[in-house]
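Peer 1: Make a model of this:
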Amino acid sequence: FEGRFIFRPSLVRITPSSSSPPSASLLSLFGYSLGGSVVLEYDVSPVGPYREYVTMGGVVGLGQVSVGETNKRLLGVGQWGTDLYVSTQ
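Peer 2: Presented below is the predicted three-dimensional model:
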């Protein structure tokens, strides 16, 4: 892949009605998470040139592993995209 990208981070308010993927948990501090927008433009890729826009809904924790009797630890952390647009050219 060859191209360019822009990431515009922003704080996203997390409410009880905020949705998240079923396999992950939204992570927040004082009711906010890190979200934003990502714009990518690929000049060279296996499918040819195209553009992509992603709205990031927040930071999520992926999976858990038991450590001892009562402690659980996250296996991974990532960002969750709520909306995605991919151009046809």
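Peer 1: can you map out the strands along this structure?
Peer 2: Taking DSSP state E as the test, the strands found in the chain are 2-13, 24-26, 32-44, 50-67, 71-86.
Peer 1: Output these in TSV, with mean neighbour count and mean pLDDT appended to each entry.
Peer 2: For every residue, glycine as well, the C-beta is placed using N, CA and C. Formatted as TSV, the strands of the chain follow (neighbours: other CB atoms under 10 Å; pLDDT from 0 to 100):
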stretch	mean neighbour count	mean pLDDT
strand 2-13	12	93
strand 24-26	17	84
strand 32-44	16	93
strand 50-67	16	85
strand 71-86	12	84
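Peer 1: ok, the residue lying closest to residue 5 once chain neighbours are set aside - contacts?
Peer 2: Nearest residue to residue 5, sequence neighbours excluded (CB to CB, 6 or more residues apart in numbering): residue 40, at 4.5 Å. Going by CB atoms under 8 Å, 6 or more residues apart in numbering, residue 40 touches 3-5, 51-54.
Peer 1: of these, closest to residue 20?
Peer 2: Of all these, residue 20 sits closest to residue 54, with 15.6 Å by CB to CB.
Peer 1: now the closest one: how far from residue 11?
Peer 2: According to CB to CB, to the nearest Å, residue 54 stands 17 Å off from residue 11.
Peer 1: Run through the bridge partners of the residue nearest to residue 38 when sequence neighbours are not counted.
Peer 2: Nearest residue to residue 38, sequence neighbours excluded (CB to CB, 6+ apart): residue 54, at 4.5 Å. With DSSP bridges applied, residue 54 shows beta-bridge pairing to residue 38, residue 84.
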